[in-house]
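Q: Build the 3D model from these lines:
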Amino acid sequence: MTKIILGYLQSGEKVYDRTPSHIHESAKPYVKEALGKVNSDSREKFDAVVDFGKTIGISSLVLTNEKDKIVFAQRINRKGLSRLVKGRKGEPISTLLVAFKKLMDEDNAYELRTAYIGTSSKNEPWDTKTEEERKESCAFWNKHAIIYGVEPLVPGTETTKYPWGEYCGG
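A: Model (predicted):
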């Protein structure tokens, strides 16, 4: 499979897209510029929030409350269900989150794991590896949600039933 080069980090490393890509559509116009503002510091895996100093879009991640209409559904190219909120609007935002993982099969290169307009979040509970990650994830995602309709969903996966009991207990 051919790797697609997206650009280079400020620190000089080549950056490839992952397959399938997890670059959100709204982030695509800003990715190359963002890469040029990031220094890897030779880390194996890291996230960076790049501030463009002007509004570049609307954040699709919001803090929720007990009045919100919450549903769960599987987003395209994801392995589990995501927490979504219906009837909410995002806030204008000037930042892009980019997440990287060092490639082991190539020197001086990273894979772009995801890119989206917004700020830092946590992996969803089904995408955690350690107990500590799981606890942080559950605490974060039980209070935050992605705005419904912003991302394409796998048809037939929507539910109001809490799907993360095995990860978050209850």
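Q: Contacts for the helix of greatest length in the chain next, please.
A: Ranked by residue count and defined by DSSP state H, the top helix of the chain is helix 131-141. Outside helix 131-141, the residues that touch it by CB atoms under 8 Å, 6 or more residues apart in numbering are 83, 121, 122, 123, 124, 125, 127, 128, 164, 167, 168, 169. C-beta here means a position set from N, CA and C on the backbone, and glycine is covered the same way.
Q: hmm, which of these are the buried ones?
A: 83, 121, 122, 124, 125, 128, 164, 167, 168 (16 or more other CB atoms under 10 Å).
Q: Out of the residues you listed, the closest to residue 49 would be?
A: Among the buried ones among the contacts of helix 131-141, residue 121 lies closest to residue 49 (CB to CB), at 10.5 Å.
Q: Let me see the contact set for the closest one.
A: Counted by CB under 8 Å, 6+ apart, residue 121 has contacts 61, 97, 140, 144.
Q: Then residue 145?
A: Neighbour list for residue 145: 61, 62, 64, 68, 70, 83, 84, 85, 88 [criterion: CB under 8 Å, 6+ apart].
Q: What is the neighbour count of the third one?
A: Applying other CB atoms under 10 Å, we find 17 other residues in the vicinity of residue 64.
Q: how about the strands of the chain, start to end?
A: Remark: strands assigned in the chain by DSSP state E are 5-8, 14-17, 45-51, 57-58, 61-63, 69-74, 81-86, 92-93, 95-102, 109-117, 144-147.
Q: what's the average pLDDT for the first one?
A: What it means is strand 5-8. For strand 5-8, mean pLDDT is 95.
Q: returning to what we had before: give me the distance between the longest helix of the chain and the centre of its chain.
A: Counting by CA atoms, centre = their mean, to the nearest Å, helix 131-141 is centred 15 Å from the centre of its parent chain.
Q: export that helix as PDB, just CAs?
A: C-alpha atoms of helix 131-141 as PDB (Å, rounded to 0.1, in the frame of the first residue of the first chain):
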ATOM      1  CA  GLU A 131      -6.700   1.000  33.300                       C
ATOM      2  CA  GLU A 132      -5.500   4.600  33.800                       C
ATOM      3  CA  GLU A 133      -6.400   5.600  30.200                       C
ATOM      4  CA  ARG A 134      -9.800   3.900  30.600                       C
ATOM      5  CA  LYS A 135     -10.500   5.900  33.800                       C
ATOM      6  CA  GLU A 136      -9.500   9.200  32.200                       C
ATOM      7  CA  SER A 137     -11.500   8.400  29.100                       C
ATOM      8  CA  CYS A 138     -14.600   7.500  31.000                       C
ATOM      9  CA  ALA A 139     -14.400  10.700  33.100                       C
ATOM     10  CA  PHE A 140     -13.900  12.800  30.000                       C
ATOM     11  CA  TRP A 141     -16.500  11.200  27.700                       C
END
